[in-house]
Every structure is written in C-alpha cells, then in structure tokens.
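1. Here's a sequence, model it:
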Amino acid sequence: MSTSTDLRVTPARSPVTSPPRRLLFAVLIVLFAVVLFVAYRRMAWAWPINADGGSNALQAWDLWHGNPLLRGWTLSDVSFYGTELIQYTLIEMLVGVRPETIHAAAAVTYTLLVLLAAWLAKGRAIGWAGAVRVGVALAVMLVPSAGLGYQILLGSPDHTGSGVPLVLAWIVLDRLPRHWWMPVAVGLLLAWGQTGDPLVTFVGALPLVLVSALRLLRSTEPWSRRWRGVDTQLIAAGVGSVLVGHLAVKLVHLVGGFHTPAPPVELSPLAAIPHRAEMTAKMIGVLFGVYRPGVGLGVLHALGFGLVAVALVTVVVRAVRRRPSQADASTMVDQVLVLAILINIGAELVSTLSVDILAAREIAPVLPLGAALAGRICAERIRRWRLTPLLGAGLAVLAVALFASTPARAAPAENQDLADWLDRSGLTYGLASYWNAANVTVTTERRVTVVPITGEARLAPFCWQSKTDWYDGTKHDARFVVYDPGRTMLGPLSKVTATFGAPVATHVVGRQQVLVYDHNLLEDLAPAC
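-> Alright, predicted model coming up:
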C-alpha cells in the first residue's frame, strides 16, 4: 500500500518503445512545435510592442554585450532576469534588437506552455488514455482568444512565461522516481522561476509546502517515518527554493548588479472586494476565451473552461474525502495544481494590484495549470461517456482556426510614426515619457535612442526599466523631448520648458510634439537613479 511518505508509482510500459518509433515520435513533436510557433508568432504580431517589451529587449542586449549582472539598471518589480531575459538574449544573438525579438519570444513562450501543459496532463497514462488527456489540455490552450487574449498571452513578458518553470517543476514531481534528488530538482526549478518573478513564490513554492505539510500531518504513519519521507523533503524543497531564488537576486544587487523595486503588495479594502471579484472573473474569462471570445470559438472555449472548473471541484472533493495514505504521486500533483490556481486567483482578489482587464496577466499561470488539471481529471470521464469523437472534432476545429483566421498585422511598435519621423530627421538621442521611450529605441534598431523621464516639480530620470548610464551627459547628447498630451507622465508642457528652457524648434508628429534644443538636455536633469 502506498503511503504519504513513499509515493511509489508502478511504471507503465509505453507503446513507443522501439528506437524507430521513438525517433518518429520526437520528429512529430518537433514539427508540431514549429507549427505552433508559426501560428503564435502571427498572433503576436497582431499587437505592436510597447515600452515594457522594448525595455526588456534593451536589457537583454546589454546582458549579452558585457553586462551580465545588468549593472546600473533599475528593472521593474518583476525582473524576468533568469527567465525571459535569457530567452530574449538568445533571440537577439540571431536577429539583434528589433520588434521581432519580442514577438518571437512570446511565440516561443506560449508554444512551450502548450507542450508542457500537455505533457503534465498526460502524466503516466499511455495509449488512448494518455492521448485523451493531451487532447483535453490542447483543447483548453491551443487557440487563445483573439484580441485581448493575444495581447495578454502573446505580448511583452508579464507572468505568462513564469508558467514554464512552474509546469516543469510539476512534471518532475509527477514523473521522476521518488529518490532524494527529485525534491532537489523541484526546488531548483522553483528557485529558477523566482529569480525572474516573485509570483512563483505564491503559486509554486507555497502550494507545494502547504500540500506536503497537510499530507504530513494527516498521515497515519509514526512520526519517526514521516520526518524521513518525501513530504518532509518537498517542504524543505519549497522553503529552500524561496531562499535560493530571492537570495540569488539579492546577491546580484549586493555585488553591484541590477536593482528591483519592491512589489506593491497590500491588502485591498473590504469595500473593494465585490468590484475586484467581478473584474477578476472577467480576467479569468479573457484567459480562457469566454469573455469577449474569438469569433466562432466561444462555445469550444466555454467547454474547455467548464472542464477546468469540473476538474478543480473534483480534486477538492477528493481531497476532503480521502486520506493521504490513499493518495499517490499523481493525486499530490493534482492537489498542488488546484491550490496554485486558487492562490493565484485569491491573491488577485484581495490585493491592491491593478484590476482592469489587462491585469489578467497577473493570473496568466492559471491557464496552463488549469489546462493540465483538466486533462488529468476529465479525460477518463470523456472516455467513459464515449465523448472522445466530440473531443477530436473540437480539436479539428481549433486546429483549423489556428491558421484560418489571420489577424491583421499591427505596426511594429506603439508610436511607430514618431519613430519613423525621428529616424528620418537625424535626431538620434532624446527624452520622453516612459511609453514613448524604449519602444521607439527598439523599433529603430537603436538608431534613435529615447530614454524615459518623469518628475513632480522638475523633470528627472525615470527610475523604472532604465539604466543610469543613459543619463550621463559626458557620454550622450540628448537634443529633443517628446511631449505626448495623451499620456501625461511629464505633466503640463510648461514643466518641460521650466526644466529645459524654450526649444529652438517644435514639430508636431501625430499627437506628439517634438521639442528640439540646441544644448545637451542631460545636463539639466537631476542625478540618475
């Protein structure tokens, strides 16, 4: 009989055993990944890059060109240092600093999430049982909702990519033998995720520790055996991942590397909870394609979301009814997935983080985790109720939709007209509000550099996604300011002239005004961050 401290799983014999079949299977997976990448890259191009993605692209470029610790950089409260920035660096080695970097990276990330969620959903099931599990996960994730779904899941880095180390950690927990190095591998994967995104602490390490601790407490074995079991090791792995992940980032800062502002984590007032609950429900709907769904796919997305909801409720009911001694490794993974989903959604409900539709990025890991959970829990019922043909038909429709609906290709970057005008005019270095800075630099492939400024009484360097060196007047000569009345981070136009004086020329480009000066504006700024 399996116990909570000895999660033994009888290995199943896979039908893909001979070398030729394994090779064919591997080739098919690679081809499938390429097809997914091509489709998701097209979807990613439906939205222009913004300053967030542009800043990440510039950080990756600096990382590759002799600044691996990103000295002088102030990043956002989510650094992406160990995750997406590495991915951006690898892509820039091939294509340089271009909008393509951001779109290609988003497509790679989502392709990985789809494949890994399907792998986690499959678990140790083989044959048709495993195929149906994979099919359910694909049905949930294969085609993101057009519009907002593209923007949130296939845009700049913002928690979506954090699902990659999370899902990898749960695959290791599910598939590797119960030796001492399995918890170590899980802990290292979670630590890796936390170097790039503190969210992994709450939706990765915390669920692992809580599920393992509950199993430890509810076990009927003597305490002398419990303390030596895998549950205790996994608790240590979860706690250790927090220490290693956060200390790694702290160590980089202590030796002169990048700085990250503290995340604005506070509890929301009780009076705001109803509004936050409504908006969070809409955010979940955007992720699963049931709020403002894509044309013709609303029913399929709704069915996929329904499978995730059924799976979540099923695991909760089973956890209440069953003792840990009745649970195997697969059941533990199911419980971790459910708790991770609930914690991610619950944190959005009670925090003061942004609660508009685009804030769905804060709970983006819910999608791959939910897809994997639905495959693991609902596949057997689908087979038992003989619904496999309907699942196949749905997947066929989604496969066609993956390419049949070609999204309109957006401009490479927000304010592309401004970037083109600056490039033509020979203005190569200047200042602007945050949302008119890094995106212009990237879309001109660094021929024009625009750095962000802000300020209260007087304009100063913007200490967010910026580098101290950008504001050094001995190295750079800034001769223009972009003033955007549609985004008022610079305040009134009078603040610009109060800081830098009257321009020698003013040009109107779209809604922006480009104020040109005859002196180096960096000399008028306060010290950098």
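
2. how does the chain divide into domains?
-> According to automatic domain parsing, the chain is divided into the following domains: 19-404, 416-524.

3. got those domains as CSV, with distance to Ala410, mean neighbour count and mean pLDDT columns?
-> In this view, the C-beta of every residue, glycine as well, is placed from N, C-alpha and C. Listed next are the domains of the chain as CSV, based on distance: least, CB to CB, whole Å; neighbours: other CB atoms under 10 Å; pLDDT from 0 to 100:
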stretch, distance to Ala410, mean neighbour count, mean pLDDT
domain 19-404, 5, 19, 91
domain 416-524, 9, 18, 94
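
4. For the stretch 401-529 of the chain, just list every one of the strands.
-> 429-432, 449-454, 460-461, 466-467, 480-483, 505-509, 512-516 (DSSP state E, counting those that start in this stretch).

5. Which of these sits closest to Phe288?
-> When these are ranked by distance to Phe288, counting by CB to CB, first place goes to strand 449-454 at 34.6 Å.

6. what are the pairing partners of that closest one, and which direction each?
-> strand 429-432 (parallel), strand 460-461 (antiparallel) (DSSP bridges).

7. I would like the residues contacting it, please.
-> By CB atoms under 8 Å, 6 or more residues apart in numbering, the list of residues contacting strand 449-454 from outside reads 51, 422, 428-434, 436-438, 440-441, 459-462, 464-466, 470-471, 476, 478, 482, 489-490, 525.

8. who's in contact with the residue positioned nearest the centre of the chain?
-> The centre of the chain sits closest to Thr160, judged by CA atoms, centre = their mean, with a distance of 1.9 Å. Contacts for Thr160 (CB under 8 Å, 6+ apart) come out as Ala106, Thr109, Tyr110, Leu113, Ile152, Leu153, Arg361, Ala364, Pro365.

9. try 6 Å this time
-> When contacts are counted by CB atoms under 6 Å, 6 or more residues apart in numbering, Thr160 is found next to Leu153, Ala364.

10. Return the backbone torsion pair for Asp77.
-> Summarising the backbone geometry of Asp77 under the convention degrees, to the nearest 10, its torsions are phi -70, psi -10.

11. What sits closest to it if chain neighbours are left out?
-> Leaving out its chain neighbours, the residue that sits closest to Asp77 by CB to CB, 6 or more residues apart in numbering is Pro263, at 4.3 Å.

12. Pretty sure that neighbour sits in a strand.
-> No: membership of Pro263 in a strand is not supported by DSSP: H, G, I helix; E, B strand; the rest coil, which gives coil.

13. Quick check: it touching Val78?
-> No: Pro263 sits out of contact with Val78 when judged by CB atoms under 6 Å, with a separation of 7.5 Å.

14. in a strand, that's where Thr331 is, yeah?
-> No: following the definition three-state DSSP, Thr331 is helix and is not counted among the residues of a strand.

15. And it, how close does it get to Arg321?
-> The gap separating Thr331 from Arg321 is 12 Å, by CB to CB, to the nearest Å.

16. next one: Ala105
-> Using CB to CB, Ala105 is found at 44 Å from Arg321.

17. likewise Trp470?
-> In this structure, Trp470 lies at 59 Å from Arg321, with CB to CB as the measure.

18. would you say Tyr81 is within a strand?
-> No: counting by three-state DSSP, Tyr81 is located in no strand; its state is coil.

19. so which of the strands of the stretch 401-529 of the chain comes closest to Met43?
-> Ranking the strands of the stretch 401-529 of the chain by proximity to Met43 (CB to CB) places strand 449-454 first, at 27.7 Å.

20. element containing the closest residue to Trp128 other than its chain neighbours?
-> Excluding the flanking residues, the one nearest Trp128 by CB to CB, 6+ apart is Arg383, at 7.0 Å. Assigned by DSSP states H and E, Arg383 belongs to helix 366-384.

21. for that helix, packing partners?
-> With contacts defined as 3 or more CB pairs under 6 Å, 6 or more residues apart in numbering; DSSP states H and E, the packing partners of helix 366-384 are helix 99-122, helix 127-141, helix 298-321, helix 329-350.

22. Quick one: closest of those to Leu387.
-> Each of these was scored for nearness to Leu387 using CB to CB, and the closest is helix 127-141 (9.2 Å).

23. Beyond that closest one, next helix or strand please.
-> On the C-terminal side of helix 127-141, the closest following helix or strand by DSSP H and E is helix 148-153.

24. Which residue lies closest in space to Gln151, excluding its sequence neighbours?
-> For Gln151, the closest residue by CB to CB, 6+ apart turns out to be Trp47, at 4.9 Å.

25. Work out for me the element the one you found sits within.
-> Using DSSP H and E, no helix or strand contains Trp47.

26. Quick check: the gap between it and Val451.
-> Using CB to CB, one gets 24 Å for the distance from Trp47 to Val451.

27. With Ala236 as the reference, name the closest of the helices and strands packed on helix 366-384.
-> Counting by CB to CB, and looking across all of the helices and strands packed on helix 366-384, nearest comes helix 329-350 at 15.6 Å.

28. For that closest one, give me every contacting residue.
-> Helix 329-350 has contacts (CB under 6 Å, 6+ apart) with 7, 9, 123, 170, 173-174, 202-203, 207-208, 211, 267-268, 276, 280, 312, 315, 319, 362-363, 366, 369-370, 373, 376.
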